[in-house]
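*Asks:* Curious how this folds, go ahead:
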Amino acid sequence: MGIKKKIKGYESCSGCGVCLLVCPLWRSTGSMAYTRKGRAKAMQGGVAPEDIASSIDACFMCGSCEPACPEGIDIVGMNLEQRRRLNESRSSYPAWYPKNEIHTSSRNSKLPQTNTILMAGRNLDGDIKIVENIVSLLGGDKSIAISDDDGRDIAAAVEAGLPVPPERIALFISLLRNAKNLIVSEGILHRQLREWLPAKKVMGIGEALLNIQSIRKALGPDDIFIVESRGYHSDFERLVKFYDRLRKDTGCLMNLDLQRIAIPTGASSLRGAHNRKTAGCSEHSAWILKGRKFKRIVVEDLSDIEVFQEITDVPVVHLSMIVK
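*Replies:* The predicted structure is shown next:
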């Protein structure tokens with residue numbers, strides 16, 4: 001057996017500040033206290049999570065800082081652990097925290113029989129037309145099944161650092177046992193699903209659709225394509241090559257910086273879903289668009305449509321709707 005690689009934590013932070021270049025909170029607040037570097041140095045100084053609660057709560061969990069870190073620190077895991085520890089010590093939660101959302105019943109959940117399962121999640125919630133179009137593009141309902149249990153309650157709990165009962169996780173993954181491919185809109189679930197179901201292929205809505213040639217051909221130099229940041233950063237080494245090829249093939253712009261890190265709007269985070277204004281989603285979206293010339297915005301994450309519509313007059317469309 002090989003030696004298990006030690007996971008690096010906040011104690012390994014050298015303070016280089018590379019993570020600041022991609023942090024939306026550093027960009028919007030200009031305060032080191034709200035950055036991953038600030039939290040790591042504070043923890044090295046001996047502070048408890050409750051002493052930096054506002055910083056821990058402010059994080060979008062976008063994962064942008066993790067692939068940028070030259071030390072290879074498990075930043076997302078560290079952020080989630082800090083939230084978990086903070087929750088143990090406080091008596092009240094932020095207004096955007098999920099409230100009693102964990103499901104424990106399987107009464108309405110059927111075991112899909114296809115090799116590919118679509119898990120729509122909150123990010124596609126309420127838009128049946130989009131979901132139906134995705135299914136049609138991916139081969140129809142004989143090739144792909146829509147899961148009755150998309151794990152949205154688990155995704156919310158994971159993001160908030162709240163406990164998920166083992167029986168809930170067991171139920172969730174049992175309904176996926178027949179599938180080989182999982183198409184998951186909740187980017188924050190990608191990391192967990194690869195841990196729970198290592199034999200399955202986990203991909204986002206964007207990657208699944210962009211494997212369709214007609215969709216790739218519908219993108220062009222006049223488009224800016226907004227990559228969903230959480231799923232992308234959870235599999236960065238592989239997906240950075242996938243999206244680099246897309247950029248070269250189509251000529252489209254993307255919300256990627258020079259390090260190929262995806263700058264998020266924050267709209268799909270719990271904070272952004274609760275209140276886009278206080279989460280600063282418009283400011284982050286403007287940062288993405290600044291200095292770029294385009295005629296259309298194409299998004300992977302449905303949550304990003306409204307926030308871009310608030311700040312620009314150009315058409316904003318979901319990736320699944322660009323093929324006529």
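
*Asks:* What is the burial count for residue 221?
*Replies:* The local packing of residue 221 (other Cβ atoms under 10 Å) involves 12 other residues. From N, CA and C alone the C-beta is placed, and that goes for glycine too.

*Asks:* ok, it touching residue 254?
*Replies:* No - shown here, residue 221 and residue 254 do not form a contact pair, counting by Cβ atoms under 8 Å, at 11.9 Å.

*Asks:* any idea how far residue 157 is from the spatially most central residue of the chain?
*Replies:* Centroid-nearest residue in the chain, with Cα atoms, centre = their mean: residue 230, separated by 2.4 Å. Remark: distance between residue 230 and residue 157 (Cβ to Cβ, to the nearest Å) = 15 Å.

*Asks:* next one: residue 263
*Replies:* For residue 263, the distance to residue 157 - Cβ to Cβ - is 26 Å.

*Asks:* And the strands in the stretch 201-324 of the chain?
*Replies:* Assigned by DSSP state E, counting those that start in this stretch, the strands in the stretch 201-324 of the chain fall at 201-203, 223-226, 253-254, 296-299, 316-318.

*Asks:* For residue 238, which of those is the nearest?
*Replies:* With Cβ to Cβ as the measure, strand 201-203 is the member of the strands of the stretch 201-324 of the chain nearest residue 238 (9.9 Å).

*Asks:* quick one: low-confidence parts of this structure?
*Replies:* Scanning the chain with the threshold set as pLDDT under 70 gives 1-7, 100-112, 126.

*Asks:* hmm, back to that, which of residue 263 and residue 157 has more neighbours?
*Replies:* Legend: neighbour count by other Cβ under 10 Å for residue 263 and residue 157, higher for residue 263 (22 against 19).

*Asks:* Contact partners for that one?
*Replies:* Going by Cβ atoms under 8 Å, 6 or more residues apart in numbering, residue 263 touches 22, 24, 64, 229, 255-257, 284, 287-288.

*Asks:* Among those, which one has the most neighbours?
*Replies:* Ranked by neighbour count (other Cβ under 10 Å), the contacts of residue 263 have residue 229 at the top, with 29 neighbours.

*Asks:* Residue 63 is in contact with that one, correct?
*Replies:* Yes - contact criterion Cβ under 8 Å: residue 229 and residue 63 qualify, at 6.4 Å.

*Asks:* Where do the domain boundaries of this structure fall?
*Replies:* Listed by automatic domain parsing, the domain ranges of the chain are 10-89, 116-203, 209-321.

*Asks:* Need the ones you listed in CSV (columns: distance to residue 98).
*Replies:* Listed next are those as CSV, based on distance: least, Cβ to Cβ, whole Å:
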stretch, distance to residue 98
domain 10-89, 12
domain 116-203, 4
domain 209-321, 7
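
*Asks:* Residue 96 is nearest to which of these?
*Replies:* With Cβ to Cβ, the closest approach to residue 96 among the domains of the chain belongs to domain 209-321: 3.5 Å.

*Asks:* how far out from the middle of the chain is that closest one?
*Replies:* Relative to the mean C-alpha coordinate of its chain, domain 209-321 is positioned 12 Å out (Cα atoms, centre = their mean, to the nearest Å).

*Asks:* Quick check: end-to-end length of it?
*Replies:* One end of domain 209-321 sits 11 Å from the other (Cα to Cα, to the nearest Å).

*Asks:* just stretch 160-170 next, same as before
*Replies:* First-to-last residue span, stretch 160-170, Cα to Cα: 20 Å.

*Asks:* what sits up against that stretch?
*Replies:* With contact meaning Cβ under 8 Å, 6+ apart, stretch 160-170 is reached by 80-87, 93, 97-98, 102-104, 153-154, 157-158, 196, 270.

*Asks:* In it, which residues are buried?
*Replies:* 160-162, 164, 168 (16 or more other Cβ atoms under 10 Å).

*Asks:* Now find how far off-centre it is within its chain.
*Replies:* Mean-position distance between stretch 160-170 and its chain equals 19 Å (Cα atoms, centre = their mean).

*Asks:* Over to stretch 317-324?
*Replies:* Distance, stretch centre to chain centre, for stretch 317-324: 20 Å (Cα atoms, centre = their mean).

*Asks:* ok, now stretch 71-82?
*Replies:* For stretch 71-82, the separation from the chain centroid amounts to 15 Å (computed by Cα atoms, centre = their mean).

*Asks:* For it, buried residues please.
*Replies:* Across stretch 71-82, burial judged by 16+ other Cβ under 10 Å covers 73-76, 78-80, 82.

*Asks:* Can you tell me the SS state at residue 95?
*Replies:* Residue 95 carries the three-state label coil when classified by DSSP: H, G, I helix; E, B strand; the rest coil.

*Asks:* Walking through the stretch 151-300 of the chain, point out its helices one by one.
*Replies:* Remark: helices assigned in the stretch 151-300 of the chain by DSSP state H, counting those that start in this stretch are 152-160, 166-174, 187-196, 205-210, 213-218, 229-234, 236-250, 270-274, 276-279, 281-289.
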